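Participant: just need the structure, nothing else, for what follows:
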Amino acid sequence: MHRHIPFFCRTLFAIGLVCQAVLVYAADAPTGTLKAIKDRKAVLVGYLKDAFPMSSLGTDGKPVGYSIDLCRVIAEQAGKAVGLDPVNIQYVPITLDGRIEAITSGKIDIECGTSTITLSRMQKVDFTSMTFLSGGSLLVKKGSAIRSIAALVDETVAVIPGTTTEKSLRDALAKTYVKAKVIEVADHAAGMAALDSGKATAYASDRVLLIGLLMGSKTPDAYELALEQFSYEPYGFMVRRNDADFRLVANRALAGIYRSGDIVPIFERWFGAIGKPTPALMAMYLMSAMPE
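Facilitator: Presented below is the predicted three-dimensional model:
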């Protein structure tokens, strides 16, 4: 009987090694979004066509912008995490009203545009660490007396429906007891058209996007930005809910960009013409530069 013990022990030891290997493999095997990326050998990045300087189409027809630059690093890190180096990045056009569904349906892996982090959106999607800070503001024609929400009495203001700007605008009007007509427009081009035609006396959107519209306009001197910023808009990239591994890859990439100073040339590339980061944005970069 004693002569069989060594063999029995060796067998148990071998089984233990196999089980340990299986457990290690199971722990390391990619799941969720990372598994999808490994299987298709590509990262699906959602972008907006008309949200310059955050996310838009460049002169060569390829997606460009501040958000796109950050997402490119995230995509590269996601590829490395599943053994794909380099990884194929496939850019998928999305719309403001369809961006959440694009994430939840698996049409894209990450949304790289101008999405404000809100608690209500977190019921459907998760967000990465913050990527930018903006706020709602008003674009008006040059010489307009409108400088704030209070000046919109009996005026007409255009806004894209379903955005955080729309809710913030309506809340600001209600809190200040200002009676103004709010009209809905499909996109930024329609908002500018409403302003140009006189259909609206102001166009409301995130301040950074209004700056982008001015920078891209053929007649930037024809418009002015109102001084007031009537909301706080913290941007982040939307990802699928409860996918901690992919979100960690994204946050690790963002923290590395902020911590290393690589954010400086990215910011200057897209915003250098309008000045330096605000103190609030600088604080956001510092707080999001989490140590490894």
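
Participant: buried residues of stretch 223-242, list them for me.
Facilitator: For stretch 223-242, a neighbour-count test (16 or more other C-beta atoms under 10 Å) marks 223-226, 228-231, 233-240 as buried. The C-beta positions use only the backbone N, C-alpha and C, and glycine is treated the same way.

Participant: now, these that are in strands?
Facilitator: Among those, the members falling in strands (DSSP state E) are 223-225, 233-235, 238-240.

Participant: where does the stretch 151-292 of the chain have low pLDDT?
Facilitator: Along the stretch 151-292 of the chain, the model assigns pLDDT under 70 to no residue.

Participant: show me where it has helices.
Facilitator: Residue ranges of the helices in the stretch 151-292 of the chain, as given by DSSP state H, counting those that start in this stretch, are 164-175, 188-197, 207-216, 244-260, 263-271, 279-288.

Participant: which one of those helices lies closest to Thr31?
Facilitator: Of all the helices of the stretch 151-292 of the chain, it is helix 244-260 that lies closest to Thr31, at 6.4 Å by C-beta to C-beta.

Participant: now do that closest one: distance to the chain's middle.
Facilitator: 14 Å (C-alpha atoms, centre = their mean, to the nearest Å).

Participant: and the helices of the stretch 151-292 of the chain, which is most packed in?
Facilitator: helix 207-216 (a mean of 21; mean count of other C-beta atoms under 10 Å).

Participant: I'd like to know which elements that helix is packed against.
Facilitator: Judged by 3 or more C-beta pairs under 8 Å, 6 or more residues apart in numbering; DSSP states H and E, helix 207-216 is in contact with strand 132-134, strand 136-141, helix 188-197, strand 223-225.

Participant: contacts for the first one next, please.
Facilitator: Just to be clear, that refers to strand 132-134. With contacts defined as C-beta atoms under 8 Å, 6 or more residues apart in numbering, strand 132-134 is touched by 54, 66-67, 114, 206-209, 232-235, 278, 280-281, 284.

Participant: which of these sits closest to Val125?
Facilitator: Tyr235 (13.8 Å).

Participant: distance of the residue nearest to that closest one when sequence neighbours are not counted relative to Gly236?
Facilitator: Once flanking residues are discounted, Tyr235 sits nearest to Phe132: 4.1 Å by C-beta to C-beta, 6 or more residues apart in numbering. Going from Phe132 to Gly236 by C-beta to C-beta, to the nearest Å gives 9 Å.

Participant: please apply the same query to Lys107.
Facilitator: 19 Å.

Participant: equivalent analysis for Met130, please.
Facilitator: Distance from Met130 to Gly236, by C-beta to C-beta: 5 Å.

Participant: now stretch 246-263: how far from the chain's centre is it?
Facilitator: 14 Å.

Participant: same question for stretch 256-274.
Facilitator: 16 Å.

Participant: one step back: next, show the common contact partners of Met130 and Gly236.
Facilitator: Ile117.

Participant: among the ones in strands among the buried residues of stretch 223-242, which one lies nearest to Asp39?
Facilitator: Arg240 (15.3 Å).

Participant: check the secondary structure at the nearest residue to Leu227 once chain neighbours are set aside for me.
Facilitator: In this structure, Leu227 finds its nearest non-sequential neighbour in Arg147, 5.1 Å apart by C-beta to C-beta, 6+ apart. Of the three states, Arg147 takes coil under DSSP: H, G, I helix; E, B strand; the rest coil.
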